[in-house]
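Asker: Next one to model:
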Amino acid sequence: MRVAIMTAGSRGDVAPFTGLGHGLVRAGHEVTLVTHARFAPLVAGSGVGFHALPLDPRAELESERGRGLHRSTTGPGKLLRVARMARSLVGRMTDDLLAAAHANDVLLLSASVAPLGHTIAEGLSLPSLALFLQPVAPTREFAPPLLGGGSWGAVGNRLAGYGVGMAVEQIFAPVVPGVRARLGLPAVRRPGIDPGGRARRCRPVLHGFSPLVVPRPRDWRAELDVTGYWWPYDRETRLPDALREFLDAGPPPVFVGLGSATVPDPRGLSAEIVRALRRAGLRGVIQRGWAGLAADGDDMLTVDEVPHALLFPETAAVVHHCGAGTTAAGVRAGVPAVPVPIQFDESFWADRLVRLGVAPSAVPLRRLTADTLTTALLRATREPGFARRARGLGLRVGEENGTARVVAVVDRLENGDGRPHSA
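Answerer: The predicted structure is shown next:
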């Protein structure tokens, strides 16, 4: 069966679907990843095809509008800014999403394109399945991850969840009516997320995170399932020589990386990070990333993209922004974390790591100094409980197979079960 996996956003919104796509290929499906052109190298060697979407997410984040996200200090403020930015961009992807859908038999949709993708699937009479990397559906158990998580009380959490859903609807509101008209579908009163209450209630969503990290909320409907993580496809089997030599030259270093996040002052932040590592007596592997971090000295090594699955197990701890994908990689590696959340769902994942006892505390970017980071590093690397709990969690998460759960659902579609059910 021809399967299109559609997603948009940063690297963390794409990488998990490369491994998922590879798993579907191994199960006999023809798979195409539909996302931004800059991520085409992520599927090289996996057997997964690629269909490029326009827009460069890094360029958008580095634009004046993208840098404006750092001027908001609250979760709702950042969400409003990014919603306005996405609303102005989503229409530029519509034609390519349509073209990719025409060439496939089933659509697998990330949260970033699901409202538009489900509309396209409806118009083309294709089955579609939502694959989310965060718990998006409203629940009484925690506030929406996009607002930073935490809790606003049972009623507040659920109301806030519906509020975030309405905000996402508005991102797609300018585009969905035109797409419905192009595909001969009737107009709807509220274009956006899954128009039609009955369809919304029965549509399944598979979530690619571990129930050990986020237990499935007890008030979710039956069609919302948590499968376990979908690991990125990595064709590399060994680390670069320079990194291998650095690792072998001394005690395990601390990894520091902020993934696809951008920061207002890369040079100043790099200096604070290096100062903290040296005060704590630790070597560092600094990933340049989209933040542009860098460090000099025999005790520091600056790297570009390296497979987290190969590097993280050889570190004493990982300092990261707590994007969903990097959080998962750190958990899988079984090493302590020092979360440095910057925006959106990152505070939610940081809180999860602290609650699980694998991180001492979060050090949000706006409060990161050499002093605050040194304190967290000393706790993470010197208090043995963090390493012990991290190893135990990593072993248990490693036994899960989230990809197999998704493959089983797609196989049922191929075998004639027209409506995808939760696994």
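
Asker: Tell me the secondary structure at Val3.
Answerer: Put simply, Val3 is strand when judged by DSSP: H, G, I helix; E, B strand; the rest coil.

Asker: Look up how far Leu131 lies from it.
Answerer: Val3 is 11 Å from Leu131, where distance means CB to CB, to the nearest Å. Where C-beta positions appear, they are placed from N, C-alpha and C, glycine not excepted.

Asker: ok, now Phe312?
Answerer: Distance of Phe312 to Leu131, given as CB to CB: 24 Å.

Asker: One more: Val340?
Answerer: Distance, Val340 to Leu131, by CB to CB: 27 Å.

Asker: Ends of stretch 146-156, what's the gap?
Answerer: End-to-end distance for stretch 146-156, by CA to CA, to the nearest Å: 15 Å.

Asker: Tell me the buried residues in it?
Answerer: The neighbour-count criterion (16 or more other CB atoms under 10 Å) identifies Leu146, Leu147, Gly148, Gly149 as the buried residues of stretch 146-156.

Asker: So what touches it?
Answerer: Residues from elsewhere that reach stretch 146-156 (CB atoms under 8 Å, 6 or more residues apart in numbering): 75-76, 79, 134, 140-143, 157, 160, 164, 341, 344-345, 347-349, 351-352.

Asker: Give me the average confidence score over stretch 3-13.
Answerer: Average pLDDT, stretch 3-13: 92.

Asker: Restrict that stretch to CA atoms and write it as CSV.
Answerer: The C-alpha trace of stretch 3-13 is given here as CSV (Å, rounded to 0.1, in the frame of the first residue of the first chain):
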residue,chain,number,x,y,z
VAL,A,3,1.5,5.5,2.4
ALA,A,4,2.2,9.2,2.8
ILE,A,5,3.5,10.5,6.1
MET,A,6,2.8,14.2,6.3
THR,A,7,4.5,16.6,8.8
ALA,A,8,5.8,20.1,9.0
GLY,A,9,7.9,22.0,11.5
SER,A,10,11.4,21.6,12.9
ARG,A,11,13.7,18.6,12.9
GLY,A,12,12.0,17.2,16.0
ASP,A,13,8.7,17.2,14.1
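
Asker: chain center to it, what's the gap?
Answerer: The chain centroid and the centroid of stretch 3-13 are separated by 9 Å under CA atoms, centre = their mean, to the nearest Å.

Asker: Same question for stretch 17-36.
Answerer: On the basis of CA atoms, centre = their mean, stretch 17-36 sits 17 Å off its chain's mean C-alpha point.

Asker: One more: stretch 36-46?
Answerer: 16 Å.

Asker: In that stretch, which residues are buried?
Answerer: So, applying 16+ other CB under 10 Å, buried residues of stretch 36-46: His36, Phe39, Leu42, Val43, Ser46.

Asker: The third one in helix, strand or coil?
Answerer: So that's Leu42. Under three-state DSSP, Leu42 falls in the helix class.

Asker: same deal with the second one?
Answerer: Taking three-state DSSP as the rule, one finds Phe39 in the helix state.

Asker: Return the residues in contact with Ala44.
Answerer: Contact analysis of Ala44 by CB under 8 Å, 6+ apart lists Arg235.

Asker: Then Pro186?
Answerer: Arg180.

Asker: and if you look at Val338?
Answerer: Val254, Ala317, Val318, Val319, His320, Ala359, Pro360, Val363, Leu373, Ala376, Leu377, Ala380.

Asker: which SSE is the third one in?
Answerer: The reference is to Val318. strand 317-320 (DSSP states H and E).

Asker: Adjacent strands (with direction) for that strand?
Answerer: strand 254-257 (parallel), strand 337-339 (parallel) (DSSP bridges).

Asker: Check what contacts whatever helix or strand comes next after the first one and list those residues.
Answerer: Yep, that's strand 254-257 we're talking about. Using DSSP H and E, the next helix or strand after strand 254-257 towards the C-terminus is helix 266-279. With contact meaning CB under 8 Å, 6+ apart, helix 266-279 is reached by 254, 256, 263, 283-284, 286, 291-295, 297, 299-300, 319, 365, 368-371, 373-374, 377.
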